[in-house]
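1. Just need the structure, nothing else, for what follows:
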Amino acid sequence: MLRSTSLKWCRVWTPEFAEARGFSSLELDFYQTHYYPWMDDQAWNGDPELGTVLFSPTAQMYTDLGLDRPMVVGEFIASDQAGARLDVLLANGYAGAWPWSLTSDYSLDGPGMQAWAEAHAALVGLPPL
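-> Below you'll find the predicted structure:
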């Protein structure tokens, strides 16, 4: 696994990026990124090294990232409308999502997460509340 704070950096960890610079591949199993609402309006357009990428996985389709492995959104706030956010991440092609805290009152929409988990039981292993 590789943890990266924003989608803007995800291409740096790919075998192609390493090979083009004479580095060894990291041989990753999957990628992991973070999501915070401030990322929603941020993007790089035509960066000479990293191309074009929206920083938010709620806006950026996974298939457009050109990655060689699946990506999990592993740090995100699910304080409200958790089900809607998870729906967007799933529709955008991400392999999974982990809210950044399962115990903090301000960071988890427990009922929303539970309802989404029940509706998507084949995809989820959420512990009982």
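2. Parallel or antiparallel, which strands does the one helix or strand A97 maps to pair with?
-> Element membership for A97, per DSSP states H and E: strand 96-99. Sheet pairing here is set by DSSP bridges, and for strand 96-99 it gives strand 71-76 (parallel).
3. CA atoms only for the partner strand, dumped as CSV, please.
-> Extracted in CSV, the C-alpha atoms of strand 71-76 (Å, rounded to 0.1, in the frame of the first residue of the first chain):
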residue,chain,number,x,y,z
MET,A,71,-7.1,2.9,-5.2
VAL,A,72,-8.8,3.3,-1.9
VAL,A,73,-9.9,6.6,-0.5
GLY,A,74,-8.5,6.0,3.0
GLU,A,75,-8.8,9.3,4.9
PHE,A,76,-12.0,11.3,4.5
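4. Can you identify the element that follows that strand toward the C-terminus?
-> That would be, after strand 71-76 and using DSSP H and E, helix 82-91.
5. what about W9, is that helix, strand or coil?
-> Here W9 is recorded as helix under DSSP: H, G, I helix; E, B strand; the rest coil.
6. That one: neighbour count?
-> 14 (other Cβ atoms under 10 Å). The C-beta positions use only the backbone N, C-alpha and C, and glycine is treated the same way.
7. i'd like the first residue to be 595 from this point on
-> Noted, 595 is the first residue going forward, which turns the last one into W603.
8. any idea how far it is from L644?
-> For W603, the distance to L644 (Cβ to Cβ, to the nearest Å) stands at 8 Å.
9. tell me the centre residue of the chain?
-> V667 (2.4 Å; Cα atoms, centre = their mean).
10. wait, that residue sits on Y630?
-> No. The pair formed by V667 and Y630 falls short of the contact definition of Cβ atoms under 8 Å, at 10.7 Å.
11. which residues of the chain fall in helices?
-> For the chain, the helices defined by DSSP state H cover 609-614, 676-685, 704-713.
12. ranking those by burial, who's on top?
-> helix 676-685 (a mean of 18; mean count of other Cβ atoms under 10 Å).
13. pLDDT of that helix, averaged?
-> For helix 676-685, mean pLDDT is 92.
14. helices or strands next to that helix in the packing?
-> Helices and strands touching helix 676-685, by 3 or more Cβ pairs under 8 Å, 6 or more residues apart in numbering; DSSP states H and E, are strand 690-693, helix 704-713.
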